[in-house]
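J.: What shape does this take:
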Amino acid sequence: MKSTVFARPNLKGFLLGAILIAVVQNFIANGLSQATSIHARDTAGIASGSEHDLRQLLQQADNAPTSQLYGCISRCYEQRGDMRKALFYLRKAQVLAQIEEAND
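T.: Alright, predicted model coming up:
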(Lines give C-alpha, C1' and ligand atoms only; values in the text may rest on other atoms or scores of the structure.)
Protein backbone atom coordinates (compact mmCIF):
# COMPACT_ATOMS: atom_id res chain seq x y z
CA MET A 1 0.00 0.00 0.00
CA LYS A 2 1.67 3.16 -1.28
CA SER A 3 0.59 6.50 0.09
CA THR A 4 1.74 9.80 -1.42
CA VAL A 5 1.00 11.67 1.81
CA PHE A 6 4.05 10.23 3.54
CA ALA A 7 6.58 10.61 0.73
CA ARG A 8 10.22 10.76 1.70
CA PRO A 9 11.75 14.23 1.31
CA ASN A 10 14.67 14.70 -1.05
CA LEU A 11 17.35 15.54 1.53
CA LYS A 12 20.06 16.05 -1.08
CA GLY A 13 17.90 18.67 -2.78
CA PHE A 14 17.32 20.47 0.52
CA LEU A 15 21.04 20.43 1.29
CA LEU A 16 22.04 21.72 -2.15
CA GLY A 17 19.34 24.40 -1.95
CA ALA A 18 20.57 25.56 1.47
CA ILE A 19 24.16 25.74 0.25
CA LEU A 20 23.08 27.66 -2.84
CA ILE A 21 21.10 30.14 -0.73
CA ALA A 22 24.06 30.61 1.63
CA VAL A 23 26.47 31.23 -1.27
CA VAL A 24 24.14 33.73 -2.95
CA GLN A 25 23.51 35.54 0.33
CA ASN A 26 27.25 35.73 1.04
CA PHE A 27 27.93 37.00 -2.48
CA ILE A 28 25.29 39.70 -2.17
CA ALA A 29 26.32 40.76 1.34
CA ASN A 30 30.10 40.80 0.84
CA GLY A 31 30.90 40.52 -2.83
CA LEU A 32 28.90 43.36 -4.29
CA SER A 33 29.27 45.89 -1.50
CA GLN A 34 30.84 49.12 -2.60
CA ALA A 35 33.31 51.01 -0.48
CA THR A 36 31.70 54.04 1.09
CA SER A 37 33.45 56.96 2.60
CA ILE A 38 31.58 58.47 5.49
CA HIS A 39 33.63 61.62 5.60
CA ALA A 40 34.74 61.88 1.99
CA ARG A 41 34.16 65.60 1.68
CA ASP A 42 34.95 68.31 4.14
CA THR A 43 32.39 71.10 3.87
CA ALA A 44 34.41 73.81 5.62
CA GLY A 45 37.77 72.71 4.21
CA ILE A 46 39.19 71.85 7.63
CA ALA A 47 40.74 68.42 7.85
CA SER A 48 43.36 68.84 10.55
CA GLY A 49 41.10 69.47 13.54
CA SER A 50 43.74 71.48 15.39
CA GLU A 51 42.93 73.37 18.57
CA HIS A 52 43.03 76.76 16.87
CA ASP A 53 40.72 75.65 14.07
CA LEU A 54 38.32 74.11 16.57
CA ARG A 55 38.19 77.34 18.59
CA GLN A 56 37.46 79.30 15.43
CA LEU A 57 34.68 76.92 14.48
CA LEU A 58 33.14 77.10 17.95
CA GLN A 59 33.29 80.89 17.86
CA GLN A 60 31.64 80.95 14.43
CA ALA A 61 28.96 78.57 15.71
CA ASP A 62 28.21 80.94 18.59
CA ASN A 63 27.82 83.88 16.19
CA ALA A 64 26.01 82.23 13.27
CA PRO A 65 25.18 78.54 13.76
CA THR A 66 24.65 76.36 10.69
CA SER A 67 24.27 72.63 10.29
CA GLN A 68 27.42 72.42 8.14
CA LEU A 69 29.43 74.24 10.78
CA TYR A 70 28.25 71.88 13.51
CA GLY A 71 29.07 68.95 11.23
CA CYS A 72 32.64 70.22 10.87
CA ILE A 73 32.94 70.65 14.62
CA SER A 74 31.70 67.10 15.04
CA ARG A 75 34.34 65.82 12.60
CA CYS A 76 37.08 67.72 14.44
CA TYR A 77 36.08 66.12 17.72
CA GLU A 78 35.86 62.73 16.01
CA GLN A 79 39.40 63.09 14.66
CA ARG A 80 40.59 64.01 18.14
CA GLY A 81 38.92 60.89 19.55
CA ASP A 82 36.29 62.67 21.68
CA MET A 83 33.24 60.74 20.51
CA ARG A 84 30.86 62.11 23.14
CA LYS A 85 31.33 65.69 21.95
CA ALA A 86 31.37 64.54 18.32
CA LEU A 87 27.95 62.92 18.73
CA PHE A 88 26.64 65.97 20.62
CA TYR A 89 27.56 68.32 17.78
CA LEU A 90 26.36 65.84 15.18
CA ARG A 91 22.94 65.80 16.82
CA LYS A 92 22.95 69.60 16.87
CA ALA A 93 23.79 69.59 13.16
CA GLN A 94 20.93 67.20 12.41
CA VAL A 95 18.43 69.30 14.35
CA LEU A 96 19.62 72.50 12.69
CA ALA A 97 19.44 70.83 9.26
CA GLN A 98 15.81 69.92 9.91
CA ILE A 99 15.06 73.48 10.98
CA GLU A 100 16.85 74.93 7.96
CA GLU A 101 14.95 72.53 5.68
CA ALA A 102 11.62 73.51 7.23
CA ASN A 103 12.39 77.22 6.76
CA ASP A 104 13.24 76.84 3.07
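J.: Please count neighbours and contacts with C-alpha atoms only from this point.
T.: Will do.
J.: nearest residue to residue 85 other than its sequence neighbours?
T.: Nearest non-adjacent residue to residue 85, counting by Cα to Cα, 6 or more residues apart in numbering: residue 77, 6.4 Å away.
J.: Within the helices and strands, which one has the one you found?
T.: helix 67-80 (DSSP states H and E).
J.: next one: residue 96
T.: Using DSSP H and E, residue 96 falls in helix 83-103.
J.: can you check residue 62 too?
T.: Short version, using DSSP H and E: residue 62 is in helix 51-63.
J.: buried ones in that helix?
T.: Buried residues in helix 51-63, counted by 16 or more other Cα atoms under 10 Å: 54, 57-58, 61.
J.: and those as CSV, adding pLDDT?
T.: Listed next are the buried residues of helix 51-63 as CSV, based on pLDDT from 0 to 100:
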residue, pLDDT
54, 89
57, 89
58, 90
61, 90
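J.: And those residues, which is closest to residue 82?
T.: residue 54 (12.7 Å; Cα to Cα).
J.: ok, that closest one touching residue 71?
T.: No. Residue 54 is beyond contact range of residue 71, at 11.9 Å (criterion: Cα atoms under 8 Å).
J.: can you tell me how far residue 17 sits from residue 9?
T.: Using Cα to Cα, to the nearest Å, residue 17 is found at 13 Å from residue 9.
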